[in-house]
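Enquirer: got a structure for you, letters missing:
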């Protein structure tokens with residue numbers, strides 16, 4: 001129990017779940033939006049792609065970003081200055097960087113390429129992407145060349161799609177995954193042992209409810225996965241704008257018309273409670289009907305499960 005509590009405390013410290021923003025944070029978001037749109041107007045890279053990359057970088061490099069910066073893009077020195085360049089630092093010059101294959105550029109017109117300046121950073125990011133083209137496919141290629149990771153590219157593209165749909169980056173509303181006016185029950189089962197398919201831990205919280213109860217998205221995001229899994233049965237996955245994957249399993253079925261790539265918001269119905277799984281497609285009834293809800297954090301290198309129970313309790317309270 002002590003080990004489980006320690007793991008939970010550590011993970012809660014690391015996972016940044018959004019909360020309603022205060023006035024100061026709202027001003028920061030407004031400044032970011034202004035800069036996204038300013039750079040977009042000059043480079044023709046749509047603002048929501050710049051915002052999505054910045055949002056991704058904010059989750060991955062959160063501990064590295066100085067408090068006086070509001071743009072989170074954090075390139076390596078090799079990317080910025082080039083290989084072998086000894087003239088580095090805030091007063092580096094764009095033409096010198098380019099001689100050594102670096103991309104660091106001057107975005108604010110002061111003649112310097114400052115790796116700590118918000119406008120220089122975002123301008124450099126936008127012009128790097130623009131060098132590949134401005135279509136969706138061009139941008140995907142540019143992202144892959146920079147990150148060399150398919151999941152990162154997919155996450156950024158999905159986040160951009162959400163930002164474009166809602167024309168905002170200030171998306172902090174959340175919802176409990178079931179209606180709170182139905183009969184349901186749950187307790188903390190994350191980390192418990194599971195036996196089917198070999199010894200493994202339970203990577204989520206089970207919410208017991210009747211067959212057919214609507215299952216809702218708790219977040220803004222994109223449907224990343226939908227289909228059958230031997231363990232989870234009929235299941236669906238949503239990737240949100242904070243690099244968090246929300247996993248719903250043992251469903252009785254999906255909401256009509258919902259498909260991979262759809263943008264969802266808190267409260268949108270995505271499926272229905274069931275007892276599917278633990279066998280080939282169509283297997284059902286091996287356990288009482290319930291929703292298995294899991295949350296997974298991606299840090300740019302690995303993805304891991306963390307305990308959703310505290311967040312379910314918070315969202316449940318918000319719904320009542």
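Expert: Noted; the coordinates are in hand. As the structure is a computational prediction, the values presented were derived from the model and not from experiment.
Enquirer: any idea which strand is longest in the protein?
Expert: Across the chain, the longest stretch assigned as strand under DSSP state E is strand 244-254.
Enquirer: and that strand, how far out from the chain middle?
Expert: Per C-alpha atoms, centre = their mean, to the nearest Å, the displacement of strand 244-254 from the mean C-alpha position of its chain is 17 Å.
Enquirer: one more: stretch 296-310?
Expert: Its chain's C-alpha centre and that of stretch 296-310 lie 10 Å apart, by C-alpha atoms, centre = their mean.
Enquirer: over to stretch 117-129?
Expert: Using C-alpha atoms, centre = their mean, the offset of stretch 117-129 from its chain centre is 22 Å.
Enquirer: so where do the helices sit in the stretch 1-150 of the chain?
Expert: If DSSP state H, counting those that start in this stretch is used as the criterion, the helices of the stretch 1-150 of the chain fall at 2-14, 23-43, 47-60, 77-81, 94-99, 118-130, 136-147, 150-166.
Enquirer: what distance do you get for residue 320 to residue 74?
Expert: Remark: distance between residue 320 and residue 74 (C-beta to C-beta, to the nearest Å) = 40 Å. (Each C-beta comes from the backbone N, C-alpha and C, glycine too.)
Enquirer: now do residue 119
Expert: In terms of C-beta to C-beta, residue 119 sits 15 Å off from residue 74.
Enquirer: reformat the helices of the stretch 1-150 of the chain as CSV; add mean pLDDT, mean neighbour count and distance to residue 218.
Expert: Below are the helices of the stretch 1-150 of the chain laid out as CSV (pLDDT from 0 to 100; neighbours: other C-beta atoms under 10 Å; distance: least, C-beta to C-beta, whole Å):
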stretch, mean pLDDT, mean neighbour count, distance to residue 218
helix 2-14, 42, 12, 17
helix 23-43, 89, 15, 21
helix 47-60, 96, 23, 18
helix 77-81, 97, 18, 36
helix 94-99, 96, 16, 44
helix 118-130, 97, 22, 30
helix 136-147, 98, 17, 27
helix 150-166, 97, 20, 14
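Enquirer: how about those, which one is nearest residue 294?
Expert: Nearest to residue 294, of all the helices of the stretch 1-150 of the chain, is helix 2-14, at 13.1 Å by C-beta to C-beta.
Enquirer: neighbour-wise, which of residue 320 and residue 74 wins?
Expert: Just comparing residue 320 and residue 74: by other C-beta atoms under 10 Å the higher neighbour count belongs to residue 74, 17 against 7.
Enquirer: phi, psi for the residue lying closest to the more buried one once chain neighbours are set aside please.
Expert: Leaving aside its sequence neighbours, residue 74 sits nearest to residue 61 (C-beta to C-beta, 6 or more residues apart in numbering; 4.3 Å). Main-chain torsions, residue 61, degrees, to the nearest 10: phi -110, psi 20.
Enquirer: residues near residue 61, how many?
Expert: By other C-beta under 10 Å, neighbour count at residue 61 equals 14.
Enquirer: in the stretch 101-250 of the chain, where is pLDDT below threshold?
Expert: Within the stretch 101-250 of the chain, the segments meeting pLDDT under 70 span 191-202.
Enquirer: double-check residue 239 against residue 158; I have them as touching.
Expert: Yes: if you go by C-beta atoms under 8 Å, residue 239 and residue 158 touch, sitting 5.3 Å apart.
Enquirer: so what sits against both of these two?
Expert: Shared contacts of residue 239 and residue 158, defined by C-beta atoms under 8 Å, 6 or more residues apart in numbering, are found at 221, 222, 224.
Enquirer: just the strands from the stretch 151-300 of the chain, written as ranges.
Expert: Under the criterion DSSP state E, counting those that start in this stretch, the stretch 151-300 of the chain contains strands at 184-186, 193-194, 200-201, 205-209, 214-216, 221-229, 233-240, 244-254, 263-264, 269-273, 290-298.
Enquirer: among the ones you listed, which comes closest to residue 126?
Expert: Minimum separation from residue 126 across the strands of the stretch 151-300 of the chain (C-beta to C-beta) falls at strand 221-229, 22.9 Å.
Enquirer: direction included, what does that closest one pair up with?
Expert: Partners of strand 221-229 in the sheet, by DSSP bridges, are strand 233-240 (antiparallel), strand 263-264 (antiparallel).
Enquirer: any idea which of those strands is most buried?
Expert: Stretch with highest mean neighbour count among the strands paired with strand 221-229: strand 233-240 (a mean of 24; mean count of other C-beta atoms under 10 Å).
Enquirer: now do the nearest residue in space to residue 118 that is not next to it in sequence, the pLDDT please.
Expert: Spatially, and ignoring its direct neighbours in sequence, residue 118 is nearest to residue 71 (4.0 Å; C-beta to C-beta, 6+ apart). Here, the pLDDT recorded for residue 71 equals 92.
Enquirer: counting neighbours, what do you get for residue 71?
Expert: Residue 71 is flanked by 22 other residues according to other C-beta under 10 Å.
Enquirer: thanks again, I'm all set now.
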